[in-house]
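**Student:** Output the structure for:
(one chain, ligands or ions: 2)
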Amino acid sequence: MAAIKISPSILSADFSRLGEQIRAVEKAGAETIHLDIMDGHFVPNISFGPPVVRSIRKATGLRLWSHLMIEEPLRYLEAFRKAGSDGILFHRESVGDAAEMIRRIHDMGMKAGIAINPGTETGFLKDILSDLEAVLIMTVHPGFGGQTLIPETLVHIRETRRLAAALSIPPVIGADGGIDLDTLRKVIHAGADNLVIGSAIFDREDPAEAFRELLKAARQSPDRPQHDTE
Ligand code: DX5
Ligand code: ZN
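**Tutor:** Ligands and ions are numbered 1, 2, ... in the order given. Here you go, the predicted structure:
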């Protein structure tokens with residue numbers, strides 16, 4: 001089994017010190033930065049777009065995954081690729097043809113992941129899971145950092161993990177929203193291996209220390225299911 005990873009989400013970072021805060025979690029061992037892109041339509045909040053991604057790309061060599069919480073994500077793929085995204089997480093709810101999106105993302109040389117809202121069933125995944133590098137189960141309704149994890153979403157992680165095991169493929173299964181020292185056990189127990197964490201890292205005085213504590217707790221967690229495929 002691959003080790004559990006934590007992807008810091010910079011949504012709750014101090015944007016006036018973004019480079020510094022990213023370098024802090026990088027030094028603490030982060031390998032990937034999660035970028036929450038919001039357009040005020042798909043979700044009721046606005047965050048940032050390609051120019052900020054471009055600046056982050058200059059500040060770090062870490063992998064950048066852009067989580068597109070926007071309408072018509074296809075229109076913006078090229079902009080996010082040019083800005084330096086290594087991977088794109090698009091929402092099932094924002095596209096008609098998910099397989100086509102995956103193809104387009106791969107054709108541009110990026111990794112593809114699909115994000116699933118709390119109210120969306122996971123059944124559709126069986127047809128596309130083998131084409132994806134990542135699945136991101138939303139454990140809150142997307143739009144804001146600092147929300148409380150919705151326990152009913154854990155079943156989506158379990159279903160995705162079971163499907164991956166049945167197909168003998170190892171996509172990265174992420175969980176996003178409301179994850180902290182108290183709740184990380186639950187998402188790990190359900191089968192997540194990538195924890196996207198925002199406020200529990202960047203609301204803290206020392207984000208690097210928070211990252212280290214969370215990663216240690218995640219990797220020591222006795223709750224990992226054994227039906228993994230790696
Ligand atoms: C929510 C975003 C999350 C969010 C996580 O819409 O997709 O990535 O930043 O933040 P926390 O960890 O504060 O729930
Ligand atoms: Zn996110």
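**Student:** Close to ligand 2: what parts of the protein are there?
**Tutor:** Applying Cβ under 5 Å from the ion, we find that the chain lies next to ligand 2 at 36, 67, 176. From N, CA and C alone the C-beta is placed, and that goes for glycine too.
**Student:** Quick one: these as CSV, columns for secondary structure too.
**Tutor:** Formatted as CSV, these follow (DSSP: H, G, I helix; E, B strand; the rest coil):
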residue, secondary structure
Asp36, strand
His67, strand
Asp176, strand
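**Student:** got a markdown table for those residues, with neighbour count and pLDDT too?
**Tutor:** Shown next, in a markdown table, are the residues of the chain next to ligand 2 (neighbours: other Cβ atoms under 10 Å; pLDDT from 0 to 100):
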| residue | neighbour count | pLDDT |
| --- | --- | --- |
| Asp36 | 24 | 98 |
| His67 | 28 | 99 |
| Asp176 | 28 | 98 |
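**Student:** can you put those residues in a markdown table and add distance to ligand 1?
**Tutor:** Below are these laid out as a markdown table (distance: Cβ to the nearest ligand atom, whole Å):
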| residue | distance to ligand 1 |
| --- | --- |
| Asp36 | 5 |
| His67 | 5 |
| Asp176 | 5 |
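**Student:** just checking, Ala190 touches Thr160?
**Tutor:** No: using Cβ atoms under 8 Å, Ala190 makes no contact with Thr160, being 9.1 Å away.
**Student:** any chance of the residues of the chain next to ligand 2 in JSON lines, plus distance to Ala200?
**Tutor:** Below are the residues of the chain next to ligand 2 laid out as JSON lines (distance: Cβ to Cβ, whole Å):
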{"residue": "Asp36", "distance to Ala200": "15"}
{"residue": "His67", "distance to Ala200": "17"}
{"residue": "Asp176", "distance to Ala200": "12"}
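**Student:** nearest to Lys58, of these?
**Tutor:** Nearest to Lys58 out of the residues of the chain next to ligand 2 is Asp36 (Cβ to Cβ; 19.2 Å).
**Student:** So the closest one sits against Leu11, correct?
**Tutor:** Yes: Asp36 lies in contact with Leu11 (Cβ under 8 Å); the separation is 4.4 Å.
**Student:** so what's in contact with these two at the same time?
**Tutor:** 47, 145, 198 (Cβ atoms under 8 Å, 6 or more residues apart in numbering).
**Student:** which of these are close to ligand 1?
**Tutor:** Contacts with ligand 1 within those, counted by Cβ under 6 Å from any ligand atom: 145, 198.
**Student:** neighbour-wise, which of the shared contacts of Asp36 and Leu11 leads?
**Tutor:** The most crowded member of the shared contacts of Asp36 and Leu11, judged by other Cβ atoms under 10 Å, is Gly198 (25 neighbours).
**Student:** Now do the same contact list for that one.
**Tutor:** Here Gly198 is in contact with 8-12, 34, 36, 145-146 (Cβ under 8 Å, 6+ apart).
**Student:** before we move on, the earlier item: dump the shared contacts of Asp36 and Leu11 to TSV, plus pLDDT.
**Tutor:** TSV is the format used below for the shared contacts of Asp36 and Leu11 (pLDDT from 0 to 100):
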residue	pLDDT
Ser47	98
Gly145	98
Gly198	98
